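> Structure for this input, please:
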Amino acid sequence: MKYVVLVSHGGMAQGMKTSLNMLAGEKEEVLAIGLPDGKTADEFAQMFEETISNITEDDEIILLADIIGGSPLTTSMNVLAGKGLLSNTTVLGGMSLPLALTTILMKDNMDRSMLVDVVLAEAIGSMKEFKMVSEDEEDDI
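Numbering: from 1, shown residues only. Got it, this is the predicted structure:
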């Protein structure tokens, strides 16, 4: 199975999962865990290990993190390495709803390399300034 594992500081990962459930339906292969305020990296490692307890060496993991280099991501990667799962893991940082949604919808339709290209392009393409156009400006066009 291909799992999408969301990790973040605070409740972002769980909130992201809630939003993904609204848009793509609830999926058992989407897991979410955040580093609660006041918890140590070691405590998070235990929480993360419990979250991924059903994942085996035969599974693939797409790990989405809020910040590259942050404690949730680095701790998660250390746990995955300790369990021998890092070679089956694709890691993306800068988690956003478009990135996560595209990952979930496309993960079973393409190989890892192509998935990364498509997901990152979608995430980058979704970042834009939204400009309001007043009715007066529309009349001038």
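> Just the mean pLDDT for the top strand by length along the chain, thanks.
The residue-count maximum for a strand in the chain (DSSP state E) belongs to strand 2-9. Averaged across strand 2-9, the pLDDT comes to 98.
> Begin at 59 from now on, thanks
Happy to do that; since the first residue is 59 now, the last one works out to strand 60-67.
> CA atoms only: put it into CSV for me.
Extracted in CSV, the C-alpha atoms of strand 60-67 (Å, rounded to 0.1, in the frame of the first residue of the first chain):
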residue,chain,number,x,y,z
LYS,A,60,1.1,3.6,-0.6
TYR,A,61,0.7,5.6,2.6
VAL,A,62,0.7,9.4,2.7
VAL,A,63,2.0,10.5,6.1
LEU,A,64,1.5,14.1,7.1
VAL,A,65,3.8,15.6,9.8
SER,A,66,3.9,19.1,11.2
HIS,A,67,4.4,21.4,14.1
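> Tell me how far it lies from the chain's centre.
Put simply, strand 60-67 sits 5 Å off its chain's centre (Cα atoms, centre = their mean, to the nearest Å).
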